[in-house]
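Novice: structure for this input, please:
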Amino acid sequence: MPAAASMRRALVGAGANLGDRRATLERAILALGARPGIVCVARSSYYETDPVGLLDQPRFLNLVLAVETTLAPEQVMAELLAVEHAFGRERTVRWGPRRLDLDLLLFEGETRADPALTLPHARMFERTFVTLPLRELLAQPAQAAPCWDEVRRRLAPLEDDPAVRRLPEPPPAPAPQLAVESYLLSLKRRGVRLGLGRMERWVAALGHPESAVPCIHVAGTNGKGSVAAMLAAMLRAAGRRVGLYTSPHLVRLGERVQVDGVMLTDEELAAAVRELAPVAAALVSPSDLDGHPTYFEFMTGLAFRHFARARCDLAVIETGVGGRLDATNVVRPEVSVITSLGMDHAELLGDTLELIAAEKAGIIKAGRPVVLGRLPDAAMAVMRRVAAERGARVWTVAEEFGSDLSRYPVTNLAGDHQRWNAATATLAARLLPSARRPDAAAIERGLQAVVWPGRWQTVALADRTLVLDAAHNAEGATVLEAGLDRLRRETGRLPVVVLGALGLDRARPLLAVACRHARELYLVVPRQSRACSHAELAALVPPDFRGPVRCTTVDELFPAPGTCTAGTPPDPVVVTGSIYLLGEVLVRLDPSRGPLESHLQDF
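Specialist: This is a model prediction of the structure:
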């Protein structure tokens with residue numbers, strides 16, 4: 001795996017004496033934390049300071065901010081200047097008034113004597129409006145890093161300055177009626193940050209709802225959603241009250257949190273967000289500016305709490321990304337399940353099968369059984385090693401069901417890969433404690449009643465068949481090929497393929513497969529920032545593909561409910577690629593599912 005840029009600590013001084021000084025500094029902290037590669041983790045109190053040099057001006061408000069960053073010092077300095085200018089930087093004379101002033105004071109492991117950037121800051125120890133907040137900040141337990149020991153030693157003997165007054169923290173302002181969607185979008189804009197520290201504090205603040213309901217924890221590159229849906233169906237068939245937490249959603253955000261197959265309504269979701277938002281806000285303090293849960297962490301905590309309040313007998317919890325550092329990994333499951341393993345999300349999890357396997361193996365818990373689906377040998381070896389280290393017994397689908405797929409459990413979901421998933425879910429269900437275990441009849445009934453849209457989902461239109469199949473990576477492309485081949489044999493016709501993908505690495509194998517089977521190809525761009533453009537998709541079409549290639553939109557292909565204009569009836573149509581694309585198509589086919597909430601996806 002390419003060496004990821006490690007996080008280093010830095011300390012930033014901030015001051016303002018024009019306008020609403022406190023509001024300016026608070027907004028500046030948020031703005032700086034939104035810059036790529038910078039996380040604001042703690043701040044000092046606010047200190048009010050008499051002006052220095054030019055005395056006929058308002059008093060200054062100053063603080064010192066602790067950040068963690070993957071950037072070099074020069075890059076951090078450039079980001080500080082960008083934030084200053086975004087706030088309308090005003091500083092026309094030395095020691096004069098300023099709307100916002102940001103200084104890089106210290107940077108872990110760096111000393112510089114360049115006129116453009118001196119580290120430590122040249123006059124830092126001469127300014128009590130810097131040293132006093134700095135001393136307070138470095139006294140916080142979370143800032144006890146050895147890299148600042150020498151700074152602490154120099155600060156210790158400094159005396160207080162009556163011209164620099166520490167201000168008390170103001171009481172929290174009364175919360176207005178929360179605009180739920182705006183609030184969730186604000187969480188999403190903070191980005192994805194893997195790690196369990198915030199999540200552990202979040203569930204603790206909620207009263208540990210993750211421990212209130214026994215659960216099955218499901219991870220994997222592909223198939224984890226199908227296996228989770230199968231497990232939920234089996235448990236419901238056995239008469240259990242079941243929570244199901246999955247991501248992403250197809251159409252509505254509430255799909256992610258279901259009890260007995262019923263998703264959260266808009267009203268329930270809004271009420272839950274309004275109730276939990278103040279709890280999340282209380283996790284942020286001057287000593288922990290990064291304490292607020294991320295978007296996915298917030299939704300995960302919301303799901304745990306919903307299942308606890310609904311008095312679920314069991315919950316099936318699907319991971320988001322990876323496993324070890326995923327927000328869902330605060331649970332202690334009855335059974336852990338790892339369905340498959342491939343090279344998806346390599347930028348986050350590692351660029352070898354072994355590294356990705358180690359991340360997903362993070363959901364294996366001491367003394368709890370783990371079920372392994374279809375994994376490469378290298379990944380299987382990592383899983384067995386981690387399980388042995390944790391005293392977790394390993395059960396594999398291949399060992400329990402053999403190599404003859406015809407002997408695997410049958411499900412109502414189409415495709416041989418779903419029989420693998422059915423076997424994986426069956427094995428996990430059998431390993432539940434006896435009081436919670438569904439019997440063989442309930443397992444069989446559940447497998448015939450799985451509801452999991454977008455996985456070779458057949459929709460009957462007036463003049464032809466439409467298939468919706470999420471195939472978002474190379475492993476999904478292999479499954480797509482089997483499905484397209486089966487469709488050709490069943491219908492005797494070449495299908496029309498509608499395809500949109502997120503990222504060239506994902507699009508390339510999908511287009512190669514689609515062009516081996518398609519009569520015509522329609523390229524579309526899902527409503528996601530990471531979506532491939534028409535030009536990028538067209539450039540990946542193999543030169544030997546002889547069918548028409550058309551660049552179009554979902555709205556043009558599906559202009560009215562139940563209508564598709566792609567190709568010529570009765571040729572079947574297959575819509576494939578990004579799951580986000582499938583959501584767009586489902587809403588066009590059936591507007592009662594909407595409105596579409598693609599803007600509330602995690603990425």
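Novice: quickly find the element holding A435.
Specialist: Secondary structure assignment for A435, by DSSP states H and E: no helix or strand.
Novice: what count of nearby residues applies to the residue nearest to R393 when sequence neighbours are not counted?
Specialist: Nearest residue to R393 in three dimensions, chain neighbours excluded: P369, at 5.0 Å (CB to CB, 6 or more residues apart in numbering). Yep, even glycine has a C-beta here, placed from its N, CA and C like the rest. Residues near P369, counting by other CB atoms under 10 Å, number 21.
Novice: got the domain ranges for this structure?
Specialist: Here the domain assignment for the chain is 8-166, 211-265+303-447, 457-600, based on automatic domain parsing.
Novice: for the first one, the distance to its chain's centre please.
Specialist: So that's domain 8-166. Relative to the centre of its chain, domain 8-166 is centred 31 Å away, using CA atoms, centre = their mean, to the nearest Å.
Novice: now do the last one
Specialist: The gap between the average C-alpha position of domain 457-600 and the chain average comes to 25 Å, counting by CA atoms, centre = their mean.
Novice: state the mean pLDDT of that domain.
Specialist: Domain 457-600 comes out with an average pLDDT of 94.
Novice: give the residue spans of this structure that score low on pLDDT.
Specialist: Within the chain, the segments meeting pLDDT under 70 span 1-5, 53-56, 89-96, 171-177.
Novice: tell me, how many residues neighbour the closest residue to A205 other than its chain neighbours?
Specialist: Leaving aside its sequence neighbours, A205 sits nearest to V279 (CB to CB, 6+ apart; 5.3 Å). Neighbourhood size, V279 [other CB under 10 Å]: 16.
Novice: just confirm V279 is within a helix.
Specialist: Yes: counting by DSSP: H, G, I helix; E, B strand; the rest coil, V279 is located in a helix.
Novice: which of the domains of the chain sits most buried?
Specialist: Comparing these by mean neighbour count (mean count of other CB atoms under 10 Å), domain 211-265+303-447 ranks first with a mean of 21.
Novice: on that earlier part again, doesn't W395 make contact with the residue nearest to R393?
Specialist: Yes: counting by CB atoms under 8 Å, W395 is a contact partner of P369 at 6.0 Å.
Novice: shared neighbours, those two?
Specialist: Listed contacts common to P369 and W395 are L431; contacts here mean CB atoms under 8 Å, 6 or more residues apart in numbering.
Novice: rewinding a little: between the domains of the chain, which one is nearest to V192?
Specialist: domain 211-265+303-447 (7.4 Å; CB to CB).
Novice: circling back: turn the domains of the chain into TSV, columns for distance to E181.
Specialist: Output for these, formatted as TSV (distance: least, CB to CB, whole Å):
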stretch	distance to E181
domain 8-166	19
domain 211-265+303-447	9
domain 457-600	8
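Novice: indicate which one of these is closest to L185.
Specialist: Comparing the domains of the chain under CB to CB, the one sitting nearest is domain 457-600, at 7.0 Å.
Novice: first-to-last residue distance for that closest one?
Specialist: End-to-end distance for domain 457-600, by CA to CA, to the nearest Å: 23 Å.
Novice: wait, P248 sits on Y580?
Specialist: Yes: taking CB under 8 Å as the definition, P248 is a contact partner of Y580 at 7.3 Å.
Novice: overlap in contacts of these two?
Specialist: In contact with both P248 and Y580: Q601, using CB under 8 Å, 6+ apart.
Novice: wait, P73 sits on L106?
Specialist: No: using CB under 8 Å, P73 makes no contact with L106, being 9.9 Å away.
Novice: anything in contact with each of these two?
Specialist: Overlap of the contact sets of P73 and L106 (by CB under 8 Å, 6+ apart) consists of A10, L119.
Novice: hmm, L196 is touching L325, no?
Specialist: Yes: using CB under 8 Å, L196 is in contact with L325, at 6.2 Å.
Novice: just give me the longest helix of this protein.
Specialist: helix 474-491 (DSSP state H).
Novice: what packs against that helix?
Specialist: helix 416-430, strand 465-470, helix 504-517, strand 573-577 (3 or more CB pairs under 8 Å, 6 or more residues apart in numbering; DSSP states H and E).
Novice: quick check: which element contains E444?
Specialist: helix 440-447.
Novice: quick one, that helix and helix 416-430 angle?
Specialist: With axes from the mean of the first three to the mean of the last three CA atoms, to 10 degrees applied, the angle from helix 440-447 to helix 416-430 works out at 140 degrees.
Novice: note down every partner strand of the helix or strand following helix 440-447 and its orientation.
Specialist: Per DSSP H and E, helix 440-447 leads on to strand 457-460 as the next helix or strand towards the C-terminus. Strand 457-460 pairs in its sheet with strand 465-470 (antiparallel), by DSSP bridges.
Novice: residues in contact with the strand it pairs with?
Specialist: Contacts of strand 465-470 (CB under 8 Å, 6+ apart): 453-460, 476, 480, 483, 487, 491, 495, 564, 572-579, 582, 585-586, 589.
Novice: do the same with stretch 140-158
Specialist: With contacts defined as CB under 8 Å, 6+ apart, stretch 140-158 is touched by 9, 11, 41-42, 66, 106, 108-109, 120, 125, 128, 131-132, 134-135, 137-139, 287-288.
Novice: repeat that for 6 Å
Specialist: Residues outside stretch 140-158 that contact it (CB atoms under 6 Å, 6 or more residues apart in numbering): R9, A66, E108, T131, R135, L137, L138, S287.
Novice: ditto for stretch 366-378
Specialist: 335-341, 353-354, 364, 383, 387, 390-397, 420, 424, 427-428, 431.
Novice: among the residues you listed, which are in strands?
Specialist: Residues of the contacts of stretch 366-378 located in strands (DSSP state E): V335, S336, V337, I338, T339, S340, V394, W395, T396.
Novice: wait, the first one sits on R430?
Specialist: No: with the criterion set as CB atoms under 6 Å, V335 and R430 do not qualify as a contacting pair; they are 9.3 Å apart.
Novice: just to revisit the earlier point, out of the helices and strands packed on helix 474-491, which comes closest to G301?
Specialist: Evaluated with CB to CB, the helices and strands packed on helix 474-491 place helix 416-430 nearest to G301, the distance being 24.3 Å.
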